[in-house]
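Trainee: Need a 3D model of the sequence below.
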Amino acid sequence: MHCPSRTRQVALLLAVLWSATVIPSEFRNDSGDKNWSDFDSKLHAAGTPPLMLAAVASPSPVASREAVPGPVSKYGLEFGSPHTVEATLRFDIHAPRMKAEEWIVFAAEPPRLAHQTAVSFRVVPDGLPYQDLEEPHRALMRSRTKARDDQRSAFSGRLEYRASLASRRLVEREPGKNYPSPEPLAGAARARWLASGGLFDFTSSDFRRWQRDTGLGRASSESDVDFARRVFLTLRRRLRYEYHDDMDRHASHVAQNAAGDCGGMSVLFASVMRSSGVPARVLAGRWAKSSKPGETVGDVRYFQQHVKAEFYAAGVGWVPVDLSSAVEHDHTAEGLQYFGVDRGNFLAVHIDPTISVDTIHFGRQTFAWLQGVKYYVSGQGTVQGSTFDETWTVTQK
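Mentor: The predicted model follows:
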């Protein structure tokens, strides 16, 4: 990638985007179950479009059923005992042809969720609270560092996480047994998880045609869970895992091509649910397991990134769904090993993919996925020949 040098001071942009790809079957999580993740890292200079830039459309809520009080669902969620994890993402940037004046780093602050609590997060050095410029203004951190002499051509930092994670499992309720009561989802919160726009382009004619042809409209007799299960099983049968550079993760594209990575599959599942009035969202993050030196997926370095989905079932709460894991690893006749199951081994870093920030020197930038860091540098020289490296270390407490 070319970025011209200039004799006068210029502002140069260096951005790293993290997304997601597959783990082959030989990779396993701490419980022995097969896992994988989507991963992609790209550098782009000022004036060059980012390879995974997602256009942001104004959210437009779809016509939907409001949550109506009624009989208790026949399903419930069982939560395991929470356990604490501490994780550190260390990153190192080397830009030998750059004379930096300021380094700017953005990272996503993990959300507080029913299964992910006691969250703490900090960015070193100089991390301060910041907000996504898009609604609903998700919590981020931004670090601005004036380059010292030893930081003119290199910069290092780290993200420190701590959270309590609990497993979840969708079950049929047993008489006399208590199940957690979910917080009602209504108003603006409900509209947020039903909105179209960006990668969730389920109001497009292409998506609607595909949905009609595949019979994935919701029947009036179907509960939230029953509909979600049918969608999950249909997509599991129809989709194949695919990862390559410049992937289009719009729901309509994944649907028509019957292929995608974990990010694309999660967006597609959530889009089908939203289009039929069931709130759904995408969780981007990393497995709560340390990366290994030199570990790769194919010829791409791998640092435990992954993307999942959730849907909100009335009377139940947010139900976990891992479609890409099912496509790759569930060969059972039932096909439901990754439906309604979360083993408490995944740290969600942010909800839904599209994020917008003010880069100070390069204006507003919009991109998809922030499972690690996105950074910019201003100064003299060129970013050509720059490298980025990281390590992901997790400790179970």
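
Trainee: tell me which element residue 230 is part of?
Mentor: Assessed by DSSP states H and E, residue 230 sits inside helix 224-238.

Trainee: Can I get that helix as PDB, trimmed to CA atoms?
Mentor: Output of helix 224-238 as PDB, limited to C-alpha atoms (Å, rounded to 0.1, in the frame of the first residue of the first chain):
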ATOM      1  CA  ASP A 224     -39.900 -15.900  19.600                       C
ATOM      2  CA  VAL A 225     -37.900 -19.000  20.500                       C
ATOM      3  CA  ASP A 226     -39.600 -21.400  18.000                       C
ATOM      4  CA  PHE A 227     -39.100 -18.900  15.200                       C
ATOM      5  CA  ALA A 228     -35.500 -18.300  16.100                       C
ATOM      6  CA  ARG A 229     -34.800 -22.000  16.200                       C
ATOM      7  CA  ARG A 230     -36.300 -22.500  12.800                       C
ATOM      8  CA  VAL A 231     -34.200 -19.600  11.400                       C
ATOM      9  CA  PHE A 232     -31.100 -21.000  13.000                       C
ATOM     10  CA  LEU A 233     -31.500 -24.500  11.600                       C
ATOM     11  CA  THR A 234     -32.400 -23.200   8.200                       C
ATOM     12  CA  LEU A 235     -29.300 -21.000   8.000                       C
ATOM     13  CA  ARG A 236     -27.100 -23.700   9.400                       C
ATOM     14  CA  ARG A 237     -28.200 -26.100   6.600                       C
ATOM     15  CA  ARG A 238     -27.900 -23.400   3.800                       C
END
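
Trainee: What is the distance between the next helix or strand after it and the centre of its chain?
Mentor: Counting by DSSP H and E, the next helix or strand C-terminal to helix 224-238 is strand 240-241. Chain-centre distance of strand 240-241: 18 Å, with Cα atoms, centre = their mean, to the nearest Å.

Trainee: re the thing from before, please point out which parts of the helix holding residue 230 sit buried.
Mentor: Of the residues in helix 224-238, those with enough neighbours to count as buried (16 or more other Cβ atoms under 10 Å) are 224-225, 227-232, 235-236. Yep, even glycine has a C-beta here, placed from its N, CA and C like the rest.

Trainee: Next: stretch 381-395.
Mentor: Buried, per 16+ other Cβ under 10 Å, within stretch 381-395: 381-384, 386, 388, 390, 392, 394.

Trainee: so how far is the first residue of it from its last?
Mentor: Distance between the two ends of stretch 381-395: 40 Å, counting by Cα to Cα, to the nearest Å.

Trainee: That stretch - what's its average pLDDT?
Mentor: Mean pLDDT, stretch 381-395: 94.

Trainee: Looking at the buried residues of helix 224-238, which is nearest residue 278?
Mentor: residue 224 (5.2 Å; Cβ to Cβ).

Trainee: wait, that closest one sits on residue 317?
Mentor: No: in this structure, residue 224 is not within contact of residue 317 by Cβ atoms under 8 Å, at 10.6 Å.

Trainee: Need the pLDDT of the closest residue to residue 166 other than its chain neighbours.
Mentor: Spatial nearest neighbour of residue 166, excluding adjacent residues (Cβ to Cβ, 6 or more residues apart in numbering): residue 82 at 4.2 Å. Looking at residue 82, its pLDDT reads 97.

Trainee: export the buried residues of stretch 381-395 to JSON lines and tack on distance to residue 161 and secondary structure?
Mentor: Listed next are those as JSON lines, based on distance: Cβ to Cβ, whole Å; DSSP: H, G, I helix; E, B strand; the rest coil:
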{"residue": "381", "distance to residue 161": "33", "secondary structure": "strand"}
{"residue": "382", "distance to residue 161": "34", "secondary structure": "coil"}
{"residue": "383", "distance to residue 161": "28", "secondary structure": "coil"}
{"residue": "384", "distance to residue 161": "33", "secondary structure": "coil"}
{"residue": "386", "distance to residue 161": "26", "secondary structure": "coil"}
{"residue": "388", "distance to residue 161": "19", "secondary structure": "strand"}
{"residue": "390", "distance to residue 161": "14", "secondary structure": "strand"}
{"residue": "392", "distance to residue 161": "10", "secondary structure": "strand"}
{"residue": "394", "distance to residue 161": "9", "secondary structure": "strand"}
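
Trainee: Which phi and psi values does residue 214 adopt?
Mentor: phi -90, psi 0 (degrees, to the nearest 10).
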